[in-house]
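**Q** no sequence on this one, just coordinates:
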């Protein structure tokens, strides 16, 4: 296997040794964890490794060591190991100490199933093709050659007929005349249910109305087909270079860039994890966030007909943004001057696997950082400063969809998360002239792409100025009109408006939703760190406008399972190890009771204080997608973004010291031809056409 | 003067001659228009030219000529000429035919004032400095040297004490110890009212509580100050080059790029105007929009204390996005391979003036256009295609603020408008410890930046497939849950949702607002052009999420004057010459009655059909800004964006024929080392560090 090259322990251990406690497990650590478990399991039933991953040290332990690295012991390395054991229902989980080479705990958890691995997914297609009942159903709708049948295995989600007792997948089937055809243009109308333990089809969901295989040519995007049909257009290259090198520095996995400093982690589930984000504010290292990551997403599809309710993948909790991450390639996924980080996982035997180039790190020009010109001398007095941004990115494939995740750092202190959705629509067949009842769109004849949402959960663990005072708080900020109507002496002309700040005291109050009508934002702030100028607390403001509500209804399957998506903001007290808002194990959860966030909030309730303490916020954002033919056969990337912006954190624009591309003061402008112009203008930009009509 | 170089007619006429009917007036045409008016005015009172601009031909006239250029006469060139005539109240406006060298109409309009020109603005500072009463007030608050007093003259907006009889400005005063100081850090607390005709101060608004001049050092951003204080950080250059040249072609002012074709206009008020946007859909030239432009904006400030209610600039209607546009410079405002267009206006004597490089046109790499990888062979089967975008941009200065306007075209058919706000906050002094009542933030000691909004009006004149059928319609699209609760047989698991489409029949129905709760979008569509696959009409969808409500209250001054900002969407029947939603002349309108959109809608009302006809939409979007110290003394650019996306317009992703950077089919992947990999990977991208830890 190309992607997952099996590495010998010795060759790679060296690159990881010096390690930070938050560094992902190295290949040798993965192997070591497996060996500890193997020694424990030697007399037991057959089993496979599902997962070997770092257990991050408890926060207090980490901070104590960092405060006095010479006197406090470095936190030991610990790993979580999940096994699929023949004959056991549910999850077998061990926690091991790598430093001490011992098992810390061992548990068997019923009512859930472990995450699906690529290994799990790859077996289904082969078995489904050989199943006699599947072969019969294929014949019925016009498919004779089973080698032309392809399968996307999804976890079953939850189906009340089987619950969580067996490890089940639903097999979405497609016909391809040729293996190089795009997969999703000829979906089949029935859905086998596959038992991963028994490795067989145990049931087939057959719709009441059958939809025979379309005879239409496949809708393709591969170069052979494009060359034969429209051909390729001419596009001239745009080259990006950094002749003097990059502005960032990495020491191990600690990134330093333009004042920012943070640790870059990565795991099977969240993918990129950014920890201990701080900023060098004129020599003063100020904390911003303890940890930022995407922790969950749910993709509910909107067709209420059976069995489409089961299409609501939790792409992080059920498949893993790390496990599905793509190896990236220079000049393709990433342009410019790139630094890559590899990712390491375990295979079913506990051997380390590597995804090369899992994380791409690079900079881009970001247009204007700021500009001002004076109208008095017709813009001769002017300053223009261009922005550079730092981007940490990964791309993961969730069967049909691709998610491109960009963590972007800006010189003005802003942290941006941009996500681009691309890949291919999940499809179901439709008969000619069939009424789709609005639940989907016929994007190609016979191909129905169902409405769906992509709802992400961003986990925000603020640590605003925690080096001064550890407590943080969260407030909701709404634009509010003056309470007085026009004509009233306090608001004579009716123009008064201001921000209304609601500080959350407990997790119940904090369950809030975006309100475009008040331009609602949320502030993460340190109530004890007051800006000397504005007298307001040092804050990071979450500006996130793409916040649709969860469209599946209260009490329904998705609502129950995806408790985190019921509100756009949740805030809870920090608890070590509490990371995943749809539950630690998501596969085949029933949603009764709801795992993760609803559980935590019910446990701590109104009694729990979240004001001026160690708090964690979960923010739901995303989009609702009503497909159109333009999204097919391959979807142009749809971007969505949110910003964390410093407000009342700095005493002034923190990027004033970025060198301008052009600056001329009034005095210099008046000196006319003898003007002293400070200018870091690039020497490479040029005019497109050498025509006299273009002024220099 | 450097920017506004006065050009001799002969030298520039040649470059403009062949012209399109929508081309802006050339310098020689401006001179010609002035000469026609001068001959008319020869026996009259002293006057100055306020404006000489193109009157675009009536739409029917333009389309008739375009349909049969050989048999139908080219529309004559017409110009609007606005004069400020001594002794006349209001506006004197002539409409002249340049082709026929004659005056078409002549009118005097009372109750309004013409737009402010840079010429108008530049006089005020000098006169204010010499006014004895201003000098007295300055002394009172601690300013002795009048050469250190600077003034931003704004139109008075509207003040009921004077109405629109006289041409008035309000003079916002600032102290600068040195002319190279940033202007806005030491505002003065009183506001002279200036009469532009009499060229004198006629009144001073003095606040009940005085705020003496702050003794604090100015907060500066000029290189001399930065060098003396923090010094500059090291930032390494990022260079962009296009060794084979650009992908766009301009014939006159007709742009062709990646299938798109449109005309690039420019005028004093809207700045960039994009007309007759069409797309070559596999040889079929399909219309999309007849015209797109920003037509107005209002910036209401939220402090209700007198006279701050007058701070609500209409930056387009009162000052002009064209008149205030910056000359741009290569490698500073614009990076890469650039094509510039100049802009031409008239001076007070009717002589042509040129702003060189007013419009920047260039391309940028836009990251991934689309990607898909197959999990079966661990992402070996993969296609990665990068995007190129075309950007037409301008930057205009509205006294303190800079607005950077980017019209962006994407290969997938999307048209994006991005606006970046930068420049400097408008400020007012505050005393030490003063309670600002939430109406503003102390961004620097003694400097109060008031809350404000930036609300833009985007005029959208759709022409979706108008080459087939001329009528267009507009619908509001809301995500809607199934009407049946979970448990109901039609929605057993509660997951049903779909788009609800409300087609507008008249302008009253069309007055609608953004609703984040339903992910509301608006579709511009051709009801007679039905997508062959989806059976839905060919549409462009407006995706715009930054839509705060107008915060000034109904019945107040801003509400009355900025009628267009009361709703996020207005749709009216197309009327020749109807462009400006706050009125043709905005200065000193009282808002009683409201000019522009409210007037038009009242006139046509519920009787007017807007379904399947020639319609124009006005979309209000923007942001609410609660300042913070990070915005000072120079504000990091704050971006905001909206998209017009083709939906059911194309039969498939229109960018499938963009050459991929990397593509490998399953068959090629299986051929292993002998893989035939189609790859247009760039040759310039490279690794940041030549370390063995980075996989190739």
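**A** Okay, I see it. Predicted model, so just to flag it, every value in this text is computed and none were measured.
**Q** Now do the contacts for residue A:665.
**A** A:381, B:179, B:180, B:222, B:223, B:224 (Cβ atoms under 8 Å, 6 or more residues apart in numbering or on different chains). For the C-beta atoms, the positions are set from N, CA and C on the backbone; glycine is no exception.
**Q** Got the phi and psi for the closest residue to the first one other than its chain neighbours?
**A** The shortest distance from residue A:381 to any residue that is not its chain neighbour, by Cβ to Cβ, 6 or more residues apart in numbering or on different chains, is 3.9 Å, and that residue is residue A:374. Geometry field for residue A:374 lists phi and psi as phi -100, psi 130, criterion degrees, to the nearest 10.
**Q** Kindly report the same for residue A:348.
**A** phi -60, psi -20.
**Q** Then residue A:22?
**A** Backbone geometry at residue A:22, expressed as degrees, to the nearest 10, gives phi -90, psi 0.
**Q** For it, the count of nearby residues, please.
**A** 19 (other Cβ atoms under 10 Å in any protein chain shown).
**Q** contacting residues for it?
**A** For residue A:22, the contact set (Cβ under 8 Å, 6+ apart) comprises A:54, A:56, A:57, A:62, A:253, A:263, A:265, A:273, A:275, A:276.
**Q** list the contacts for the residue nearest to residue A:381?
**A** With contacts defined as Cβ under 8 Å, 6+ apart, residue A:374 is in contact with A:380, A:381, A:382, A:666, B:183, B:397.
**Q** Return the member of the contacts of residue A:22 nearest to chain B.
**A** residue A:253 (10.8 Å; Cβ to the nearest Cβ).
**Q** For the nearest residue to that closest one once chain neighbours are set aside, list each beta-bridge partner.
**A** If the residues on either side of it in the chain are set aside, residue A:253 comes closest to residue A:264, at 4.8 Å by Cβ to Cβ, 6+ apart. Note on residue A:264: beta-bridge partners residue A:274, judged by DSSP bridges.
**Q** Quick check: residue A:264 touching residue A:390?
**A** No: look at residue A:264 against residue A:390 with Cβ atoms under 8 Å: they stay out of range, at 11.1 Å.
**Q** what touches both of these two?
**A** A:255, A:361.
**Q** Now do the same contact list for whatever residue of the stretch 501-650 of chain A ends up closest to chain B.
**A** In the stretch 501-650 of chain A, the residue that lies nearest chain B is residue A:556 (2.1 Å; Cβ to the nearest Cβ). Counting by Cβ under 8 Å, 6+ apart, residue A:556 makes contact with A:309, B:486, B:491, B:493, B:494, B:495.
**Q** what about 6 Å?
**A** In this structure, residue A:556 makes contact with B:486, B:493, B:494, B:495, judged by Cβ atoms under 6 Å, 6 or more residues apart in numbering or on different chains.
**Q** gap between the third one and residue A:495?
**A** From residue B:494 across to residue A:495, the span is 45 Å (Cβ to Cβ, to the nearest Å).
**Q** just the second one next, same as before
**A** When distances are taken as Cβ to Cβ, residue B:493 and residue A:495 turn out to be 49 Å apart.
**Q** likewise residue A:119?
**A** Taken as Cβ to Cβ, the span from residue A:119 to residue A:495 is 63 Å.
**Q** These two: which is more packed in?
**A** residue A:495 (30 against 15).
**Q** which residues of the stretch 551-696 of chain A fall in strands?
**A** Under the criterion DSSP state E, counting those that start in this stretch, the stretch 551-696 of chain A contains strands at A:569-573, A:615-625, A:635-647, A:662-664, A:686-687.
**Q** Pipe the ones you listed into a markdown table and attach distance to residue A:231 and mean pLDDT per row.
**A** Formatted as a markdown table, those follow (distance: least, Cβ to Cβ, whole Å; pLDDT from 0 to 100):
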| stretch | distance to residue A:231 | mean pLDDT |
| --- | --- | --- |
| strand A:569-573 | 50 | 98 |
| strand A:615-625 | 30 | 98 |
| strand A:635-647 | 19 | 97 |
| strand A:662-664 | 43 | 92 |
| strand A:686-687 | 30 | 89 |
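**Q** Including mean neighbour count and distance to chain B, could the ones you listed go into a markdown table?
**A** Below are these laid out as a markdown table (neighbours: other Cβ atoms under 10 Å in any protein chain shown; distance: least, Cβ to the nearest Cβ, whole Å):
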| stretch | mean neighbour count | distance to chain B |
| --- | --- | --- |
| strand A:569-573 | 23 | 14 |
| strand A:615-625 | 24 | 5 |
| strand A:635-647 | 22 | 4 |
| strand A:662-664 | 23 | 4 |
| strand A:686-687 | 14 | 6 |
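**Q** Kindly reformat the ones you listed as CSV containing distance to residue B:203.
**A** Putting those into CSV (distance: least, Cβ to Cβ, whole Å) gives the following:
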stretch, distance to residue B:203
strand A:569-573, 49
strand A:615-625, 51
strand A:635-647, 38
strand A:662-664, 36
strand A:686-687, 51
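**Q** Residue A:19 - nearest residue in space that isn't next to it in sequence?
**A** Per Cβ to Cβ, 6+ apart, closest to residue A:19 is residue A:252, 6.7 Å.
**Q** count of neighbours near residue A:65?
**A** Residue A:65 has 17 nearby residues by other Cβ under 10 Å.
**Q** so what does the helix or strand that contains it touch, helix or strand wise?
**A** Taking DSSP states H and E as the criterion, residue A:65 maps to helix A:59-67. The helices and strands touching helix A:59-67, judged by 3 or more Cβ pairs under 6 Å, 6 or more residues apart in numbering or on different chains; DSSP states H and E, number zero.
**Q** Would you mark the buried spots in that helix?
**A** A:59, A:61, A:62, A:63, A:64, A:65 (16 or more other Cβ atoms under 10 Å in any protein chain shown).
**Q** got it, and stretch A:282-292?
**A** Neighbour-count burial for stretch A:282-292 flags A:286, A:287, A:288, A:289, A:290, A:291, A:292 (criterion: 16+ other Cβ under 10 Å).
**Q** how far out from the middle of the chain is the longest strand along chain A?
**A** Looking across chain A with DSSP state E, the single longest strand is strand A:352-373. When C-alpha coordinates are averaged (Cα atoms, centre = their mean, to the nearest Å), strand A:352-373 and its chain have centres 16 Å apart.
**Q** got the angle between that strand and strand B:635-647?
**A** Interaxial angle of strand A:352-373 relative to strand B:635-647 (axes from the mean of the first three to the mean of the last three Cα atoms, to 10 degrees): 110 degrees.
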